[in-house]
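Colleague: predicted model and sequence follow; I will ask about them next.
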Amino acid sequence: VRAEAVFLAKWKPGDFPTPEAGDTGKIRKFITLKYRDKKWYSRGAAPDDPPHPEPISKILPGEAPKIVVNRTAPPHDAPHKA
């Protein structure tokens, strides 16, 4: 994601639309422009800070379910004692 933010910082779909899967000529041209020619590159484009989490209420409609974390439970892949 960070690399994409840097290498496509100045890119707009109108500049060169994302090539369709299977169109090897356009894919090759897009990759050449993106990485070798650095047509849309900007070093300062990627944020240095990680994204800030948002409350789940902004994502889910209605009331968010209660989430409980049990820190004493073993991991799911841990062997069970008989």
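Modeller: Structure received. All of these numbers come straight from a predicted model, not from anything done at the bench. Residues are numbered from 1 along each chain as shown.

Colleague: now do the same end-to-end measure for stretch 2-18.
Modeller: End-to-end distance for stretch 2-18: 18 Å, by C-alpha to C-alpha, to the nearest Å.

Colleague: residues in contact with the top helix by length along the chain?
Modeller: In the chain, with assignment by DSSP state H, the single longest helix is helix 24-31. With C-beta atoms under 8 Å, 6 or more residues apart in numbering as the contact definition, helix 24-31 has outside contacts at 16, 18-20. Backbone N, C-alpha and C define where each C-beta goes, glycine included.

Colleague: let's see 7 Å
Modeller: Residues outside helix 24-31 that contact it (C-beta atoms under 7 Å, 6 or more residues apart in numbering) are 16, 19.

Colleague: buried set for it?
Modeller: Phe30 (16 or more other C-beta atoms under 10 Å).

Colleague: for that helix, output the C-alpha coordinates as PDB.
Modeller: The C-alpha trace of helix 24-31 is given here as PDB (Å, rounded to 0.1, in the frame of the first residue of the first chain):
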ATOM      1  CA  THR A  24      -0.400  -7.600 -21.700                       C
ATOM      2  CA  GLY A  25       0.700  -4.700 -23.900                       C
ATOM      3  CA  LYS A  26      -1.100  -2.100 -21.800                       C
ATOM      4  CA  ILE A  27      -0.100  -3.800 -18.600                       C
ATOM      5  CA  ARG A  28       3.600  -3.700 -19.700                       C
ATOM      6  CA  LYS A  29       3.300  -0.100 -20.600                       C
ATOM      7  CA  PHE A  30       1.600   0.800 -17.300                       C
ATOM      8  CA  ILE A  31       4.300  -1.000 -15.300                       C
END
